[in-house]
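> Sequence plus the predicted model coming up.
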Amino acid sequence: MSIPLIITAFMIMLALMLLSLPVAVAILFVGVLGGYLMYGMPLVDMMGGVVWSSLNSPSMLAIPLFMLLGELLLRGGIADRMYAALAVWFNKLPGGLLHTNIATCTLFSATSGSSVATAATVGTIALPALHEYRYPIRPSLGSLAAGGTLGILIPPSINLLVYGQLANTSVSQLFAAGLIPGIVLALLFSVYLFIAHGKAGNASLVEVDVSLKEKLSLSKHLIPPLVIFGVVMGSIYGGLATPTESAAIGVIIALAFIVGGGKMSLDLLVHCSLQAAKTSGMVIIVLMCALLLNVTISMLGVTQALTQWVASFGLSAVGLLLVLLVFYVILGTFMDAMSMLVLTVPITVPMVMAVGIDPIWFGIFIVLMCEIALITPPVGMNLFVVQGVRKDGGSFNDVIWGSMPFVAIMALFTLAIMVWPSIVMWLPDLLAGRS
């Protein structure tokens, strides 16, 4: 298959998306139509069986279960109490509640798996307090938007689940690979806030003084998310449960905490279930269309053609990754993170494997690119989410400019994991007995 034809098909997909056609429809159009034009109905008939065998898998149940887990944490009041507990510990650091934003996003990410849910939840809780204590608006909004992106990097992550399905790699290994980079990135965010906005929140230092006894009392609200994360991840890496089974265990534990907190109601269950179903449906439809595109790509020999084309340039692994970094940053300015993931993984994974890059490591690389896409205008989803939950009617430019330093931090961190890939691979190698 010729490279010009492959590039043309890719550009058609992008053009259809820019014309506001749903992402799933654009991928489906090129994948199915391309297969039909090249091989006729036999290939189209085969697609149904491939999609059914891929989606009729226990591993796919992890997506709606983790979505439901995040909704329960939000609607059950666990996230609100988590923010209050962390605030009393971080308030006196230079930067004050800005660090609480990052810490709460990090902890919520460890149970929700969704960046948008993380940004919306923590933003709704945090902005009233940030406004009350007169924190500067741009770093306040930027820390919430950037902190929210950790939801797709720190396990459990919906994007890593989807990547694992598309790239045919181990989800448990991907989760292990995302843990240390997620924590390091959160620490880098806080270091930036410490240096650049250390004087923020001085008013809260005067007006709020919490005793050690009260701090310890409030810390009990950190128990639910820590227990959920510990049980979910511990059951996976202890060999006691698959990611899907661990997600189900997490949901049961969250329900138990909600019952114990007196927040359980039929309305809560219905609302959480409906929201999880809507979000899961959107993700799975896009994933299904990407699987159909995969069938056409495999049958037409696109992978082999692209691999030979890339090899003809004589690029090293680092050279190829630098090209992909620029490509993804540009692509992320006009495409949402999940669409970017499902559209490019079938094409880029064979390319990077051909130059010796581990697909587990590349999964973290591409999720970092998705994180950047979430906070780069004009279509950064987290920018719109954080702007949507603020009540002061301020300019959208505030959240854009507040997020830009965090984009730079993520780009630099991506370069760092290229230089020191062990940041990503140390833990999965250790758990797999490869080190």
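Thanks, I have the structure now. Because the structure is a prediction, the values reported are computed rather than measured.
> now stretch 226-239: mean pLDDT?
Averaged over stretch 226-239, pLDDT sits at 86.
> Adjust the sequence numbering to begin at 8 for everything that follows.
OK, 8 is where the count begins now, so the last one is stretch 233-246.
> Can you give the distance from that stretch to the centre of its chain?
Put simply, stretch 233-246 sits 19 Å off its chain's centre (CA atoms, centre = their mean, to the nearest Å).
> Show me what that stretch is in contact with.
Outside stretch 233-246, the residues that touch it by CB atoms under 8 Å, 6 or more residues apart in numbering are 76, 80, 114, 117-118, 162-163, 179, 182-183, 186, 247-250, 252-254, 256-257, 260-261, 264, 438. In this view, the C-beta of every residue, glycine as well, is placed from N, C-alpha and C.
> Of these, grab the buried ones for ChimeraX.
Entered in ChimeraX, the line below selects the buried ones among those, by 16 or more other CB atoms under 10 Å:
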select :76,80,114,117,118,162,163,179,182,183,186,248,249,250,252,253,254,256,257,260,261,264,438
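> Quick one: mark the members of the contacts of stretch 233-246 that sit in helices.
76, 80, 114, 117-118, 179, 182-183, 186, 250, 252-254, 256-257, 260-261, 264, 438 (DSSP state H).
> Residue 58 and residue 296, how far apart?
Here the criterion is CB to CB, to the nearest Å. By it, residue 58 lies 9 Å from residue 296.
> Looking at those two, which is more packed in?
residue 296 (24 against 17; other CB atoms under 10 Å).
> Please enumerate the helices of the stretch 158-307 of the chain.
165-174, 178-203, 209-214, 219-225, 230-244, 250-267, 273-307 (DSSP state H, counting those that start in this stretch).
> and among the ones you listed, the most buried is which?
Of all the helices of the stretch 158-307 of the chain, helix 165-174 carries the top mean neighbour count, a mean of 24, counting by mean count of other CB atoms under 10 Å.
> Quick one: work out the angle between that one and helix 178-203.
140 degrees (axes from the mean of the first three to the mean of the last three CA atoms, to 10 degrees).
> the inter-axis angle of helix 165-174 versus helix 273-307?
Using the same axes, to 10 degrees: helix 165-174 against helix 273-307 is 30 degrees.
> Restrict helix 165-174 to CA atoms and write it as PDB.
Provided in PDB are the C-alpha atoms of helix 165-174 (Å, rounded to 0.1, in the frame of the first residue of the first chain):
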ATOM      1  CA  ILE A 165      -9.600   4.700  31.200                       C
ATOM      2  CA  ASN A 166      -7.100   5.800  28.500                       C
ATOM      3  CA  LEU A 167      -4.600   3.200  29.500                       C
ATOM      4  CA  LEU A 168      -7.400   0.600  29.400                       C
ATOM      5  CA  VAL A 169      -8.200   1.700  25.800                       C
ATOM      6  CA  TYR A 170      -4.600   1.800  24.800                       C
ATOM      7  CA  GLY A 171      -4.000  -1.700  26.100                       C
ATOM      8  CA  GLN A 172      -7.000  -3.000  24.100                       C
ATOM      9  CA  LEU A 173      -5.800  -1.300  20.900                       C
ATOM     10  CA  ALA A 174      -2.100  -2.100  21.300                       C
END
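> Report the angle between that helix and helix 250-267.
Using the same axes, to 10 degrees: helix 165-174 against helix 250-267 is 160 degrees.
> contact partners of helix 165-174?
The contact list for helix 165-174 (CB under 8 Å, 6+ apart) reads 61, 66-67, 69-70, 73-74, 120-121, 159-160, 176-178, 181-182, 185, 250, 290, 294, 297-298, 301, 344-345, 348-349, 352-353, 356, 366, 369-370, 373-374, 377.
> now it: mean pLDDT?
Mean predicted confidence for helix 165-174 is 87.
> next one: stretch 128-143
Mean pLDDT, computed over stretch 128-143, is 85.
> how about that stretch: buried residues?
Across stretch 128-143, burial judged by 16+ other CB under 10 Å covers 128-134, 136-137, 140, 142-143.
> chain center to that stretch, what's the gap?
Offset of stretch 128-143 from its chain centre (CA atoms, centre = their mean): 23 Å.
> for stretch 355-364, same thing?
22 Å.
> Now do it: everything it contacts.
Contacts to stretch 355-364, defined as CB under 8 Å, 6+ apart, come from residues 173-174, 310, 313-314, 317-318, 322-324, 327-328, 331, 366, 369, 373.
> Now the buried members of these.
Buried among the contacts of stretch 355-364 (16+ other CB under 10 Å): 173-174, 310, 313-314, 317, 327-328, 331, 366, 369, 373.
> Minimum pLDDT in those residues, which residue is that?
residue 310 (67).
> circling back: in helices only, show me the buried residues of stretch 128-143.
Those of these lying in helices (DSSP H): 128-134, 136-137.
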